[in-house]
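> Please find the sequence and the predicted model below.
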Amino acid sequence: MMNLTLKIWRQKDANDKGQIVDYPVSDISPDMSFLEMLDVLNQELIEKGESPVAFDHDCREGICGTCSLYINGRAHGPSTKITACQLHMRSFNDGDTIYIEPWRAKAFPVVKDLIVDRSSFDRIQQAGGFISVNTSGNTQDANAIPIEKHNADMAFDAATCIGCGACVASCKNSSAMLFVSAKVSQFALLPQGQVEATDRVLNMVKQMDDEGFGNCTNTGACEVECPKGISLENIARMNREYLAASFKG
Amino acid sequence: MSILDSKIPEGPLADKWTKHKNDINLVNPANKRLIDVIIVGTGLAGGSAAATLAELGYNVKAFCFQDSPRRAHSIAAQGGINAAKNYQGDGDSTYRLFYDTVKGGDYRSREANVYRLAEVSTNIIDQCVAQGVPFAREYGGLLDNRSFGGVLVSRTFYAKGQTGQQLLLGAYAAMNRQIGRGKIKMYTRHEMLDVVVVDGKARGIIARNLVTGEIERHSAHAVVLGTGGYGNAFYLSTYAMGSNVTAAWKAHKRGAFFSNPCYTQIHPTCIPVSGDHQSKLTLMSESLRNDGRIWVPKHKKDVEAIRNGSLKPTDLAEEDRDYYLERRYPAFGNLVPRDVASRAAKERCDAGYGVNQTGEAVYLDFAAAIERYGKEQAYVKGLNVDDKALVTKLGKEVVENKYGNLFQMYEKIVDQNPYETPMMIYPAVHYTMGGLWVDYNLMTTVPGLYAIGEANFSDHGANRLGASALMQGLADGYFVLPYTIGDYLAHDIRTGPIPTDTKEFDEAEQKVRGDIDKLVNNKGTKSVDHFHKRLGKIMWNKCGMARNEKDLKDAISEIAALREEFYKDVFVPGTDNEYNEELAKAGRVADFLELGELFAKDALEREESAGGHFRDEYQTETGEAMRRKEFQYVSAWEYKGQPSEAVHHKESLEYKNIEVKERSYK
């Protein structure tokens, strides 16, 4: 069992200035997930009549992309290729001090405590992250166009982005290039995505810029902290798509 | 004559859906622009319905409690989606998918609905591929399939262990296109807290903005609930933390009958509970049973040695292992349906053969698969098939390619490497087959109120087969509701916008405000989770994998007492005009405390065993579920104030195209 000191960002709402507040927690089992450790803290706060720490979470199995904690200066904490909900307390030692903060980015304003507003990500997807095909029941047979396995696999790898925002939080420029390039790449690698390729990349990049995300300087922190291991190659691919589209467009 | 009219079209089974589509009313494109539809929930069912209705021209308002529609819990579905494409040429057909689904549901689902589901299944795959969903492919570039429990063909399409994610992102993308066009107005971080019924028709909802706490009125000509299942009544489950029954329960209180609440799927392969702190359980996909073999030791002494750490499972000799599924069900082996596999695990653990400290775990072992694949690869590559280290290495690569993300998930949670030692698994609550009663058009007993996906009851009977939830969610949303809702909305082309300044909206809003006031001003002493955990214990111990009359009667009185205590002693910190997760949770748990009682009451009424509902009193000599002909009906409960006063209605089930026989997987 472990005793820990938590230093948690508390901010009442978007207009509040916010500050770090210290909370001791005790009897933490190494088998607990990080969020379960926060549950323990919150139950104690509720029992004392204090306001529990607000944090985003839902599936608690690393796929919904809701949890968004900046732990000891790293998105989703000290391990790689996992989300905060998959992080377990066995990654920490008795007596540790743990800093817990929200994602920090202009395009992700704080809602409360550790919760941020990531609707900018949705708006980027709305600008072009789709293939324009209506539901009809008479699209061509799914096997009509064979797709090279290698490309299909790469498209899948890009498509596994969970939209959590760790890439933005980790980037010194708060760039969303990894997020945007993942969707652009998924469709660029598939024949279905070719028809709208030009508009897609131009519109999504424009929306990304309008939302206030920074530029990419190829540092690669995003790739390291991405819980799904989305590759930097996607950014290169998007840049090629963008260049080609700019000449055409 | 039952008051429930299922509105199943006349004619031969295979022609019903086509005939129905030809017979029902249509709304012309110009008139669709005059009609508003509210959709609550943005998972596979709600998301696909929202996109399709918006494409058709309706004005859609979509609601989800998450911060983005992409985060609905369909995202977590792992294994795959069934479709009767017969790409493998292994004898699959629409009829066979229909047959497997009805049999898998233990002959407790509606024939016509299931046939339609099987019929449109192939369209789903075509549609998703057109949307750019990256399904797994073979080297020839064509789509790959795998096999799931309870069937003898390979009809499951998949994208590694993230099929739900890829399909949901497909529906999300289709929604985004319509949001961009202004045809869907998206309300995120909003929770529906009531349905507004005007002149007997669903005409809107009351929703709470979870960020500001504002109570909002939204009107429409029809309301669609795609709000998922109610498995979180058990507290511990594979559902997301926020998954809840509130929307469906509020609809129930406004007149929608609730069907078969006791039909719950307890999934056989989940990571076992590790302690009291546990907040949720994690599924290990059924697809793992394609290659994993399930076993426990044959002898108690080995069980003891494994539990106290003196024996490693990998060191136990082959002849000392009991591959109990292969032993009991030679025809289907490790790929028996979920209800059967779960009960078999419980049987072994209850008999004292569980392999972890709590005695509630069995092994899922990949050693044989690693060796088999390794030899295959060594042979293909012209390498030495007797080189053990090489074979293991090659085999691990194949297994990683197939299930890598699942193995990684397991290792992160349990801190053991499943490539080296067998996984430990135990059943957990995963899905609910019961839900709001709907007719063939997916309309509830409240005109204009629809329920789709897991929120309704219609297609899976008493047990759902693997990879069929994604199929049903998308079938309902893409290919069924968009037709059937038109039949109803055709009568609304002259209605005009529905006003929200009416007495019905006043009344509903007042009720919602009253409920919230009661919770935030209750000066109790115990947290919401305290009550939720206690409810979960009652549900798991008395309404879980095996049920009996005494336990169910106890559960009914205990849940009623717990509910009373909840309202006396619950403490909700904070106020109602801010982001307040405890307040949202309190409202959800209040509804679970009512649903839980109805659940037990339904289980008590059903004096038979069928699928996921197993009554100790009704089993065969070999311990299999014993169905009873006199219970060949759908239960539909009508709300009358308290769960104890709910009125029971029956829709009898007829099977004209399939012979009802003993459900055997031997």
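Received it, and whenever you're ready, just let me know what you need.
> A:V116 reaches A:E101, doesn't it?
No: judged on Cβ atoms under 8 Å, A:V116 makes no contact with A:E101 at a distance of 10.3 Å. The way it works is simple: take the backbone N, C-alpha and C, and place the C-beta from them, glycine included.
> Compare those two and say which one has the larger neighbour count.
A:V116 (25 against 19; other Cβ atoms under 10 Å in any protein chain shown).
> if you skip the residues just before and after it, what's nearest to the more buried one?
Distance criterion Cβ to Cβ, 6 or more residues apart in numbering or on different chains; nearest residue to A:V116, sequence neighbours excluded, is A:F108 at 4.2 Å.
> All the helices of the stretch 201-350 of chain B, residue numbers only.
In the stretch 201-350 of chain B, the segments counted as helices under DSSP state H, counting those that start in this stretch are B:246-253, B:300-307, B:324-328, B:338-350.
> Mean pLDDT and mean neighbour count for those - can I get that in CSV?
Below are the helices of the stretch 201-350 of chain B laid out as CSV (pLDDT from 0 to 100; neighbours: other Cβ atoms under 10 Å in any protein chain shown):
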stretch, mean pLDDT, mean neighbour count
helix B:246-253, 98, 26
helix B:300-307, 97, 16
helix B:324-328, 97, 18
helix B:338-350, 95, 23
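> Let's check: the centremost residue of chain A is which one?
Residue closest to the average C-alpha location in chain A (Cα atoms, centre = their mean): A:C164, at 2.0 Å.
> next one: phi and psi at that residue?
Per-residue torsions, A:C164: phi -80, psi -30 (degrees, to the nearest 10).
> And A:K228, by the same measure?
Dihedral angles of A:K228 (phi, psi; degrees, to the nearest 10) stand at phi -110, psi 10.
> Need phi/psi at the nearest residue to it once chain neighbours are set aside.
Closest residue in space to A:K228, ignoring its immediate chain neighbours: A:T160 at 4.6 Å, by Cβ to Cβ, 6+ apart. The phi and psi values for A:T160, taken as degrees, to the nearest 10, are phi -80, psi 0.
> I'd like the distance between A:T160 and A:C59.
Distance from A:T160 to A:C59, counting by Cβ to Cβ, to the nearest Å: 14 Å.
> and the longest helix along chain A, does that touch chain B?
Ranked by number of residues, the top helix in chain A under DSSP state H is helix A:233-248. No: judged by Cβ under 8 Å from any Cβ of the partner chain, helix A:233-248 stays clear of chain B, getting no closer than 13.7 Å.
> in that helix, what's buried?
Within helix A:233-248, the residues that count as buried by 16 or more other Cβ atoms under 10 Å in any protein chain shown are A:234-235, A:237-239, A:241-242, A:245.
> With stretch B:522-540 instead?
B:524, B:526-536, B:538-540.
> Which pLDDT value goes with whichever residue of chain A sits closest to chain B?
As assessed by Cβ to the nearest Cβ, chain B sits closest to A:P146 within chain A, at 2.8 Å. Among the per-residue scores, A:P146 shows a pLDDT of 96.
> got a list of what it touches?
Going by Cβ atoms under 8 Å, 6 or more residues apart in numbering or on different chains, A:P146 touches B:137, B:140-142.
> what does A:K81 give?
Shown in contact with A:K81 (Cβ under 8 Å, 6+ apart): A:226-229, B:408.
> of those residues, closest to B:G275?
Distance to B:G275, by Cβ to Cβ, is smallest for B:Q408 among the contacts of A:K81, at 22.1 Å.
> Need the pLDDT of the nearest residue to the residue nearest to the centre of chain A once chain neighbours are set aside.
Nearest non-adjacent residue to A:C164, counting by Cβ to Cβ, 6+ apart: A:G65, 4.0 Å away. On pLDDT, A:G65 comes in at 98.
> Tell me the buried residues in stretch B:74-94?
Residues B:74-87, B:92, B:94 are the ones in stretch B:74-94 that count as buried (16+ other Cβ under 10 Å).
> Please state the offset of it from the chain centre?
Mean C-alpha position of stretch B:74-94 versus that of the full chain (Cα atoms, centre = their mean, to the nearest Å) differs by 17 Å.
> and what of stretch B:658-666?
Centroid separation for stretch B:658-666 versus its chain: 24 Å, with Cα atoms, centre = their mean.
> Give me the domain ranges for chain A.
A:2-112, A:119-132+A:145-248 (automatic domain parsing).
> Out of these, the one nearest B:P497 is which?
Of all the domains of chain A, domain A:119-132+A:145-248 sits nearest to B:P497, with 25.2 Å by Cβ to Cβ.
> For that closest one, measure first residue to last.
By Cα to Cα, to the nearest Å, the extent of domain A:119-132+A:145-248 from end to end equals 30 Å.
> re the thing from before, would you mind giving me the confidence score for the residue nearest to A:K228?
Predicted confidence (pLDDT) for A:T160: 97.
> Equivalent analysis for B:R663, please.
Here the pLDDT value assigned to B:R663 is 87.
> Past the strand or helix carrying A:T5, which element shows up next along the chain?
Using DSSP states H and E, A:T5 maps to strand A:2-10. Note on strand A:2-10: by DSSP H and E, the next helix or strand toward the C-terminus is strand A:19-28.
> and the helix or strand just after that following strand, C-alpha only, in PDB?
Downstream of strand A:19-28, the next assigned helix or strand under DSSP H and E is helix A:34-47. C-alpha atoms of helix A:34-47 as PDB (Å, rounded to 0.1, in the frame of the first residue of the first chain):
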ATOM      1  CA  PHE A  34      -4.800   6.000 -11.800                       C
ATOM      2  CA  LEU A  35      -8.400   7.100 -12.100                       C
ATOM      3  CA  GLU A  36      -9.400   4.700  -9.400                       C
ATOM      4  CA  MET A  37      -6.900   6.400  -7.200                       C
ATOM      5  CA  LEU A  38      -8.600   9.700  -8.000                       C
ATOM      6  CA  ASP A  39     -12.000   8.000  -7.100                       C
ATOM      7  CA  VAL A  40     -10.600   7.200  -3.700                       C
ATOM      8  CA  LEU A  41      -9.600  10.900  -3.300                       C
ATOM      9  CA  ASN A  42     -13.000  12.100  -4.400                       C
ATOM     10  CA  GLN A  43     -14.900   9.800  -2.100                       C
ATOM     11  CA  GLU A  44     -12.800  11.200   0.800                       C
ATOM     12  CA  LEU A  45     -13.500  14.800  -0.400                       C
ATOM     13  CA  ILE A  46     -17.200  14.100  -0.700                       C
ATOM     14  CA  GLU A  47     -17.300  12.600   2.800                       C
END
